[in-house]
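Colleague: Need the 3D shape of this:
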Amino acid sequence: MSNHQKRLSVPKSWPVERKEETYTTKADAGPHGESGVPLLIVLRDVLGYVDSKKEARFALGQDSVLVNGTPVSDEARPIGMFDILTFREREEHYRVFPDEGGRLSLTPIDADSAGSKLGKIEGKRQVPGGDTQLTLHDGQTLLVEDGEYATNDSIVVSNDGDEVVAHFTYEEGALVTAVQGAHAGRIGTVDEIQVTPGSSDNNVLIEDFEGDDDFETVEEYVVVIDENFVEGADAGDESEAADEAESEAADEADDGGDDE
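Modeller: Residues are numbered from 1 along each chain as shown. Okay, here's the model as predicted:
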């Protein structure tokens with residue numbers, strides 16, 4: 001099996017430029033399936049914290065980069081939707097979130113928010129002993145004591161001990177985000193769930209959170225979130241805006257006076 005990945009054929013969610021070079025790093029097997037982005041791409045192409053694979057390996061060898069609370073040493077470890085990245089030495093925390101167009105981007109969050117991650121329930125089954133096993137969008141499985149959870153619901157799972165700290169029901173009126181398709185990155189409340197007979201996906205009509213045109217997407221692309229999740233994204237936008245304003249002010253002051 002090849003250790004290389006052609007840029008032109010990477011999933012749409014990967015935040016890479018497809019025509020700059022022929023190849024890029026290939027993700028290892030792991031969470032998020034084929035859509036998982038190698039950690040190296042996040043460190044090098046998105047954040048600019050390293051310039052090469054060698055630098056990434058050295059940085060990861062210091063146990064200072066955490067994914068969902070666990071130190072990571074493999075630069076090809078897949079990173080995907082709603083993962084939490086922590087950089088200990090920089091005291092920075094990010095949530096992986098889809099932007100418009102479906103590319104994965106990083107939203108700055110605080111240390112408290114970095115202690116848990118959101119997961120969409122994609123599977124549910126009973127196991128011996130009476131417990132319920134839930135399977136999340138990234139492949140993680142966990143046992144819960146009761147059966148109040150349903151597929152398409154979302155839960156917040158603590159990075160320390162896999163404890164469920166919040167549960168959000170998929171229903172009309174729920175706050176959701178689209179994570180794939182033409183409306184990826186948009187947030188709104190569920191206005192109507194249109195059940196489609198047969199094996200086709202249900203359609204979901206969503207009222208836009210920011211007052212823009214309402215939109216429609218398929219149920220598979222919808223993830224339930226909460227208001228704190230939205231506030232975290234807004235805080236990241238405000239932080240970026242503040243940085244841009246500070247940079248512009250500095251400019252005005254000055255005017256006045258390979259993968260391997």
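
Colleague: Can you find the helix or strand in the protein with the smallest mean pLDDT?
Modeller: When each helix and strand of the chain is scored by mean pLDDT, DSSP states H and E, helix 227-256 comes last, with a mean of 48.

Colleague: mind listing the helices for this structure?
Modeller: Using DSSP state H, the helices of the chain run over 39-41, 53-60, 227-256.

Colleague: shaky segments in the stretch 1-150 of the chain?
Modeller: For the stretch 1-150 of the chain, the stretches with pLDDT under 70 are 1-28, 101, 147.

Colleague: show me where it has strands.
Modeller: All strands of the stretch 1-150 of the chain, identified by DSSP state E, counting those that start in this stretch, fall at 4-6, 23-25, 37-38, 65-67, 70-71, 78-79, 84-87, 92-98, 104-108, 116-126, 132-136, 141-144.

Colleague: what's the closest of these to residue 208?
Modeller: Among the strands of the stretch 1-150 of the chain, strand 92-98 comes nearest to residue 208, with 15.9 Å by Cβ to Cβ. Where C-beta positions appear, they are placed from N, C-alpha and C, glycine not excepted.

Colleague: Convert the C-alpha atoms of the closest one to PDB, please.
Modeller: Written as PDB, here are the backbone C-alpha positions of strand 92-98 (Å, rounded to 0.1, in the frame of the first residue of the first chain):
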ATOM      1  CA  GLU A  92      -3.700  27.100  23.200                       C
ATOM      2  CA  HIS A  93      -6.900  25.000  22.700                       C
ATOM      3  CA  TYR A  94      -8.800  24.500  19.500                       C
ATOM      4  CA  ARG A  95     -12.000  22.700  18.400                       C
ATOM      5  CA  VAL A  96     -12.000  21.200  14.900                       C
ATOM      6  CA  PHE A  97     -15.100  22.600  13.100                       C
ATOM      7  CA  PRO A  98     -16.300  22.600   9.500                       C
END
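
Colleague: How about the contacts made by the residue nearest the centre of the chain?
Modeller: Nearest residue to the geometric centre of the chain (Cα atoms, centre = their mean): residue 81, 2.4 Å. Residue 81 sits next to 13, 32, 35, 96, 97, 98, 104, 137, 138, 179, 223 when contact means Cβ atoms under 8 Å, 6 or more residues apart in numbering.

Colleague: Out of the residues you listed, which is nearest to residue 161?
Modeller: Closest approach between the contacts of residue 81 and residue 161, by Cβ to Cβ: residue 138, at 17.5 Å.

Colleague: Could I get the phi/psi values of the closest one?
Modeller: With angles defined as degrees, to the nearest 10, residue 138 sits at phi -100, psi 10.

Colleague: Excluding chain neighbours, what is closest to it?
Modeller: Spatial nearest neighbour of residue 138, excluding adjacent residues (Cβ to Cβ, 6 or more residues apart in numbering): residue 31 at 4.3 Å.

Colleague: Kindly report the same for residue 66.
Modeller: Spatially, and ignoring its direct neighbours in sequence, residue 66 is nearest to residue 86 (4.1 Å; Cβ to Cβ, 6+ apart).

Colleague: OK, contacts around the one you found?
Modeller: Residue 86 is in contact with 65, 66, 67, 69, 92, 93, 94, 114, counting by Cβ under 8 Å, 6+ apart.

Colleague: Many thanks, have a good one.
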